[in-house]
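Enquirer: curious how this folds, go ahead:
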Amino acid sequence: MHTQERVPVLNIIGPVGIGKSSAADAISETLEYDYSIPHAVVDLDHVRRSFPPPSEDPFNMELGFRNLAAVWSNYRAMGAKCLIIPSVMESNEHLDKIRLAVPGADVFVVRLVAPLEVNHARIRGREKTVASLNWHLQRSAQLAEELAKKQLEHIIVDTESKLPSDIGREIIRKWGIVEWHGSGPAQDR
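Expert: This is a model prediction of the structure:
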C-alpha cells in the first residue's frame, strides 16, 4: 500500500496590502540561507492573474488552484519538501482546494493583521492608479472584517511595527517547519 508523503503547506492570509508576499519572500530567504530547507513559493495572486475573469469567478480562484496543482507538481519533482502560499483565502472550501491541488498537504494558516490605517498606508504606497487605490482600500477593510469573523487561521501575526524578516522568523517558529525538517542553522551543518 502506498502512503502519501506529508507536505507542510504554509498559507499566509490577510487583507490585500497587509504584507503576505513580503512575509513569504522573507520566509523563503530564511529557509534557504539559514536552514537549507527545500521549498517553493507560489503566490496565488500571481498564478490566477488573467483578464478578463469568468463572470462566475471574478477573482479567478479556480484558475489559481489549477495552476497551483501544475506548478506544485513541477516544484515537487525538483525536490521541494514544503510550500509557502501567500494569498487571500476566504473559506474552508478554498483551503480544501489547496489540499486537492497539493497531494498530502498539511495546511497551516497564518493570518496577518495590522490596524486598518497602517494597512491603508501600505496600500497608498504601492497602488499606481486612483481606481486601483480606491478598490484596494475598500477591499482591504472588507477582507479584514470577514477574515476576523471566519477565523480560518491557526495563528495570527501582527505586522504593524515589524520588518518582513522579523515576521518571517516569527512565522517559521510557530509553523515548526525547521523541527519537522530536522534542520538546524546552516552554520551547524
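
Enquirer: so where's the protein uncertain?
Expert: 1-4, 183-189 (pLDDT under 70).

Enquirer: after the longest helix anywhere in the chain, which helix or strand is next?
Expert: The longest helix of the chain (DSSP state H) is helix 130-150. Per DSSP states H and E, the first helix or strand lying C-terminal to helix 130-150 is strand 155-158.

Enquirer: next secondary structure after the lengthiest strand in the chain?
Expert: Longest strand of the chain, by residue count under DSSP state E: strand 105-113. With elements assigned by DSSP H and E, the helix or strand that comes after strand 105-113 is helix 116-126.

Enquirer: flag every buried residue along that next one.
Expert: Buried residues in helix 116-126, counted by 16 or more other Cβ atoms under 10 Å: V118, N119, H120, R122, I123. All C-beta atoms are positioned from the backbone trio N, CA, C, and that covers glycine.

Enquirer: can you add distance to I13 and give those residues back as a markdown table?
Expert: Below are the buried residues of helix 116-126 laid out as a markdown table (distance: Cβ to Cβ, whole Å):
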| residue | distance to I13 |
| --- | --- |
| V118 | 17 |
| N119 | 14 |
| H120 | 18 |
| R122 | 16 |
| I123 | 17 |
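
Enquirer: and of those residues, the nearest to G64?
Expert: Within those, proximity to G64 (Cβ to Cβ) peaks at I123, which comes in at 21.3 Å.

Enquirer: just to check, that closest one is in contact with V16?
Expert: Yes: applying Cβ atoms under 8 Å as the test, I123 and V16 come out as touching, 7.0 Å apart.

Enquirer: mind listing the strands for this structure?
Expert: Going by DSSP E, the chain shows strands at 7-13, 39-41, 82-86, 105-113, 155-158.

Enquirer: most neighbours per residue, which of the ones you listed?
Expert: The highest average neighbour count among these, using mean count of other Cβ atoms under 10 Å, belongs to strand 82-86 at a mean of 25.

Enquirer: list the contacts of the closest residue to S87 other than its chain neighbours.
Expert: Counting by Cβ to Cβ, 6 or more residues apart in numbering, L44 is the residue found nearest to S87 once chain neighbours are left out, at 3.5 Å. Going by Cβ atoms under 8 Å, 6 or more residues apart in numbering, L44 touches G64, F65, L68, I85, P86, S87.
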